[in-house]
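[1] Here is my input, please return the structure:
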Amino acid sequence: MLSDHEDLNQARAPASGTQVSGISSRPGGLPFGIQKIIGFGRALVADPRILLMDEPSAGLTQEEREDLAYHIDTAKNRLRIPMLWIEHDMEMVAAIADRVHVLDYGRSIGDGLPDEVLNDPDVIRAYLGTTQLAPGRCGTRCATGKRMKQQ
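    Below you'll find the predicted structure:
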């Protein structure tokens with residue numbers, strides 16, 4: 001059995017080295033984007049074998065989405081946890097997904113690498129409108145923390 005001190009250290013471990021680690025003792029009233037990042041960190045504390053997320057970037061500003069994408073990508077690469085997520089933010093999907101499966105009203109219309117799927121004419125019609133998403137120009141930071149070019 002772990003002591004309270006050991007439990008606390010174990011709970012803080014997934015956040016170590018991230019921007020979240022500095023706010024662990026901050027009182028309530030946190031911005032919504034920080035709350036989402038903390039929620040993501042809380043899911044990691046459970047040491048999941050697979051992480052399921054439903055629209056993790058919903059309701060966030062562009063800057064908050066970029067921060068959350070950074071944390072998701074960092075955790076994915078550092079912890080090697082398979083992640084399955086439903087997301088409508090195509091910039092985020094293009095930036096950090098390894099594989100994309102697209103459904104349109106329950107019908108599969110695309111499956112494969114993000115650049116291939118997000119440039120598929122059926123996917124563009126269903127989700128992106130009439131313009132193509134240029135590969136590598138998504139506006140979201142990669143795991144290195146560098147911001148990619150805006151579209």
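
[2] Next one: the residue lying closest to residue 83 once chain neighbours are set aside relative to residue 116, how far apart?
    Among residues not flanking residue 83 along the chain, residue 51 sits closest, at 4.6 Å (Cβ to Cβ, 6 or more residues apart in numbering). Where C-beta positions appear, they are placed from N, C-alpha and C, glycine not excepted. Distance of residue 51 to residue 116, computed by Cβ to Cβ, to the nearest Å: 24 Å.

[3] These two: which has the busier surroundings?
    Ranked by neighbour count (other Cβ atoms under 10 Å), residue 51 and residue 116 place residue 51 first, with 19 against 13.

[4] Buried residues of stretch 75-90, list them for me.
    For stretch 75-90, the buried set under the neighbour-count rule, 16 or more other Cβ atoms under 10 Å, comprises 75, 76, 83, 85, 87, 89, 90.

[5] Columns secondary structure on top of those, output as a markdown table?
    Output for the buried residues of stretch 75-90, formatted as a markdown table (DSSP: H, G, I helix; E, B strand; the rest coil):
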| residue | secondary structure |
| --- | --- |
| 75 | helix |
| 76 | helix |
| 83 | strand |
| 85 | strand |
| 87 | coil |
| 89 | coil |
| 90 | helix |
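
[6] just curious, which of those is nearest to residue 44?
    Distance to residue 44 across the buried residues of stretch 75-90 (Cβ to Cβ) is lowest for residue 75, with 6.0 Å.

[7] Look up which helix or strand the nearest residue to that closest one once chain neighbours are set aside falls in, please.
    In this structure, residue 75 finds its nearest non-sequential neighbour in residue 44, 6.0 Å apart by Cβ to Cβ, 6+ apart. Taking DSSP states H and E as the definition, one finds residue 44 inside helix 32-45.
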